[in-house]
Structures are given as structure tokens and as C-alpha cells.
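J.: Output the structure for:
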Amino acid sequence: MPQTIASPVHHELIIKKSRFLACVQPMADRAGAQQVVAGLRAQHPGAAHVCWALLAGGQSAAVDDGEPSGTAGRPMLDVLRHQDLEGVLATVVRYFGGVKLGAGGLVRAYTDSVAQALLQAQKVPIVKLQQLRCTAPYALEGMVRRELDAAGASLDEVLHQDDVELRFSLPADAAAAVRARLDEAGHGRIGWPRAAED
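T.: As a prediction, the model looks like this:
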């Protein structure tokens with residue numbers, strides 16, 4: 001099951017006098033990632049490189065920022081993929097210490113920086129939500145609310161019209177069971193209108 005991380009985590013690694021300042025953080029898209037990277041460049045004007053990797057669906061990226069091709073961004077992205085993460089940005093700010101590490105040394109340094117930061121990160125499962133809506137006679141509103149509460153559904157909106165319309169979200173894998181339970185408890189009086197966008 002894909003996971004993301006709860007909050008940003010930082011880690012510093014020093015290899016042959018070079019400082020590698022790593023950060024892993026939740027990130028939804030490339031625009032947000034680029035803002036973070038721009039902020040890091042402003043905070044660290046003396047840094048030799050600000051390399052980054054984003055794993056966010058179709059907006060994923062791997063940027064070496066002047067390091068030899070394939071020695072920074074791609075290895076960082078591979079660490080995120082290996083841990084089955086989604087919606088995570090990894091950045092590493094490198095201050096050059098005067099000793100060249102070679103391609104293999106750079107891959108290890110960037111990989112280790114991100115991996116060490118992730119060891120401290122709190123991982124949280126990504127739960128795909130499904131939104132549903134139902135209608136019920138006023139007399140059944142309390143029962144529907146209790147069933148939704150028991151199922152851990154989030155009540156998004158309630159409209160009081162001829163009937164009560166309840167819009168709610170819940171984990172997609174629980175939707176069918178909740179719908180069946182409401183149909184049974186409502187004795188066929190629960191309606192399931194199709195959403196306009198369906």
C-alpha cells in the first residue's frame with residue numbers, strides 16, 4: 001500500500017568534508033516542489049548543489065543540479081520508489097568540501113542522505129476516499145448518521161429538502177459494505193442519486 005510521510009524530516013551527512021543536508025517532506029505536485037527548491041537556493045547561497053527528487057504520480061522528477069548525470073536525482077528518486085512512497089519530495093543541499101567523491105561516491109552519498117532522513121520519518125498509509133450521497137426520509141436521518149459514524153465516514157454536507165440528502169466520504173474499500181448496510185437498515189427507503197458529475 002502506498003504511503004506518504006506525516007511531516008518534514010531533516011538529516012545531515014558529512015562525507016570527506018562535504019555536507020549533505022537532506023530533507024524529506026510531503027509534497028503534492030511539481031509546482032510546490034519547485035517553490036521549496038527555490039527557497040533552499042535562497043537559504044543556502046554558498047551551496048554547490050541543490051538536488052531533488054519528487055515522487056508524485058505523473059509529476060515526478062529527478063534533478064541532479066550540476067552533479068554528474070544520474071548521480072543525485074535518480075538515486076534519490078529510487079529510494080522513494082523502493083519504500084513505496086507517494087507525494088514525497090526529497091531534497092539534498094550539498095556544500096562541497098574540496099574532495100571529489102566520484103560517481104559511485106556521489107550515488108551513495110545522495111542515497112544515504114535520503115534513506116537516513118526517511119528512517120526518522122513517520123509514514124502514513126494513503127487511503128483512497130470515495131464520495132457518496134444518499135437520500136432518506138427525515139425519520140431515517142438519525143439512523144443514517146449513526147451508520148455513517150460507525151463506519152468512520154466523514155459527513156461532508158447535509159441538505160434538508162423533501163428528503164434529507166447526505167453527502168459523505170469514506171475509504172473506497174468500505175463503500176460497498178456501507179451502502180449495503182444502509183439499504184438493509186433503511187428497508188429500501190434509502191435513495192442513491194447519481195452525482196451530476198457522474
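
J.: going forward, measure contacts between C-alpha atoms and count neighbours the same way
T.: Noted.

J.: What backbone torsions are found at the spatially most central residue of the chain?
T.: Residue closest to the average C-alpha location in the chain (Cα atoms, centre = their mean): Gly87, at 3.3 Å. Here is the backbone geometry of Gly87 (degrees, to the nearest 10): phi 70, psi 40.

J.: can you tell me which residues contact it?
T.: Residues near Gly87 by Cα atoms under 8 Å, 6 or more residues apart in numbering: 4, 26-29, 54-57.

J.: Swap in 7 Å and give it another go.
T.: Going by Cα atoms under 7 Å, 6 or more residues apart in numbering, Gly87 touches 4, 26-28, 55-56.

J.: Of those residues - the most surrounded one?
T.: For those, the largest number of neighbours (other Cα atoms under 10 Å) sits with Leu55, at 27 neighbours.

J.: quick revisit: so which of the contacts of Gly87 is the closest to Leu101?
T.: Leu55 (26.3 Å; Cα to Cα).

J.: Relative to Val144, how far out is the closest one?
T.: The gap separating Leu55 from Val144 is 39 Å, by Cα to Cα, to the nearest Å.

J.: same question, Tyr110
T.: Between Tyr110 and Val144 the distance is 52 Å, computed by Cα to Cα.

J.: Comparing the two, which shows the higher neighbour count?
T.: With neighbours defined as other Cα under 10 Å, Tyr110 and Val144 compare such that Tyr110 has more, 28 against 21.

J.: Mind checking the pLDDT average for the top helix by length along the chain?
T.: Of all the segments assigned as helix in the chain under DSSP state H, the longest by residue count is helix 102-120. In this model, helix 102-120 carries a mean pLDDT of 92.

J.: Also stretch 178-189?
T.: Averaged across stretch 178-189, the pLDDT comes to 89.

J.: Just the strands from the protein, written as ranges.
T.: Counting by DSSP state E, one finds strands in the chain at the ranges 3-5, 9-15, 18-26, 49-55, 61-63, 88-95, 123-125, 129-136, 154-160, 164-171.

J.: Output the contacting helices and strands for the second one.
T.: Spelled out, that is strand 9-15. In this structure, strand 9-15 makes packing contacts with strand 18-26, helix 102-120, judged by 3 or more Cα pairs under 7 Å, 6 or more residues apart in numbering; DSSP states H and E.

J.: Repeat that for the fifth one.
T.: In terms of contacts (3+ Cα pairs under 7 Å, 6+ apart), strand 61-63 is packed against strand 49-55, helix 73-82.

J.: Within the sheet, what are the partner strands of the first one, with directions?
T.: Using DSSP bridges, strand 49-55 pairs in its sheet with strand 61-63 (antiparallel), strand 88-95 (antiparallel).
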